[in-house]
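Q: Requesting a structural model of the entry that follows:
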Amino acid sequence: MPTSRVMPSNKELERTRSTQTAVGPRRSIQCSTGTSDAKNRRPTVPIMLLLTVALLSLASGATALEVRVSVGACLPGALCYWDLSIGADRRLKIDVYPAVHNSRQFMLSRKEFSDLEALLRREDFFSLPKDLGALLVDGPMASLEVRDGKKSHAVTLHSLPFQLKPIWRSDAGATGRAFRVCEQIRALAKIADILQCPGVPSADREE
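A: This next block holds a predicted model:
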């Protein structure tokens, strides 16, 4: 006998529609979650750009180092005073008195600037005492100031002690270290006849 087809009741049809409606929003929720994940990944692009800029800055040798050295000693027949500054841009400027024609400014080479940084590290400039040398009445004096980022340190030099005159180039003490910094910065000016750092003998008179 043929089987009679049973038609779904109205309640069953409503239950089916409600089930399909419930399934629909789940799919939309999954799509919205994917969109949210994509948004969360977008900030990584500017972060990578910032890292790239930082690495380029390091590679370019950017530095915050600044140096200033002043030496004064008015003696008959000698130059009285000079003031030298070196900026983070490697520009050296020196003012000489009274021989103002010796005043000049120019750019240090990258190697010269790198050697200056190495000198300050080697002589451990930031650990030097603030006053060094033999204090003489109306004697020569020098001031050294170095800034490196947030760090800064200043040292005043009086005359090189007599007992150190023969050995200041090799003296491991604070006085020898400070005078080596002063003289090597002086040499960067490339002016042969400016005052030497206080009490330092000329090369032809060193014992």
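
Q: Quote the end-to-end distance of stretch 122-132.
A: 18 Å (C-alpha to C-alpha, to the nearest Å).

Q: same question, stretch 101-113
A: Span of stretch 101-113 from end to end, C-alpha to C-alpha: 25 Å.

Q: Need the contact partners of that stretch.
A: Contact with stretch 101-113 is made by 61, 63, 65, 79, 86, 89-96, 116, 188-189, 191, 193-194, as judged by C-beta atoms under 8 Å, 6 or more residues apart in numbering. Every C-beta, even on glycine, is put in place using the N, C-alpha and C of the backbone.

Q: 6 Å instead, please
A: 90, 91, 92, 93, 95, 96, 191 (C-beta atoms under 6 Å, 6 or more residues apart in numbering).

Q: Please parse the protein into its domains.
A: Listed by automatic domain parsing, the domain ranges of the chain are 10-57, 65-205.

Q: from those, which stretch is densest packed?
A: Ranked by mean neighbour count, the domains of the chain are led by domain 65-205 with a mean of 16 (mean count of other C-beta atoms under 10 Å).

Q: Show me what residue 146 is bridged to.
A: Following DSSP bridges, residue 146 is listed with bridge partners residue 67, residue 153.

Q: picking that back up, which of the domains of the chain has the lowest mean pLDDT?
A: When the domains of the chain are compared by mean pLDDT, domain 10-57 comes last with a mean of 47.

Q: about what we covered before: now, the most widely separated pair of the contacts of stretch 101-113?
A: Greatest spatial distance among those (C-beta to C-beta): 90 and 96, at 20.4 Å.

Q: State the distance from residue 153 to residue 98.
A: Going from residue 153 to residue 98 by C-beta to C-beta, to the nearest Å gives 30 Å.

Q: Ok, residue 180 next?
A: To residue 98, residue 180 is 28 Å away according to C-beta to C-beta.

Q: Contacts for the helix or strand where residue 184 lies, please.
A: Taking DSSP states H and E as the criterion, residue 184 maps to helix 174-188. Applying C-beta under 6 Å, 6+ apart, the external contacts of helix 174-188 come out as 69, 119, 123, 125, 128-129, 132, 142, 155, 157, 160, 164, 168, 197.

Q: go again using 8 Å as the cut-off
A: Under C-beta under 8 Å, 6+ apart, the answer for helix 174-188 is 67, 69, 71, 84, 86, 92, 108, 112, 116, 119-120, 123-125, 128-129, 132-133, 142, 144, 155, 157, 160-161, 164, 167-171, 194, 196-197, 200.

Q: Which ones among those map onto helices?
A: Assigned to helices by DSSP state H, the following of the contacts of helix 174-188 qualify: 112, 116, 119, 120.

Q: which residues does the last one contact?
A: For residue 120, the contact set (C-beta under 8 Å, 6+ apart) comprises 65, 126, 146, 148, 181.

Q: how does it look with 7 Å?
A: 146, 181 (C-beta atoms under 7 Å, 6 or more residues apart in numbering).
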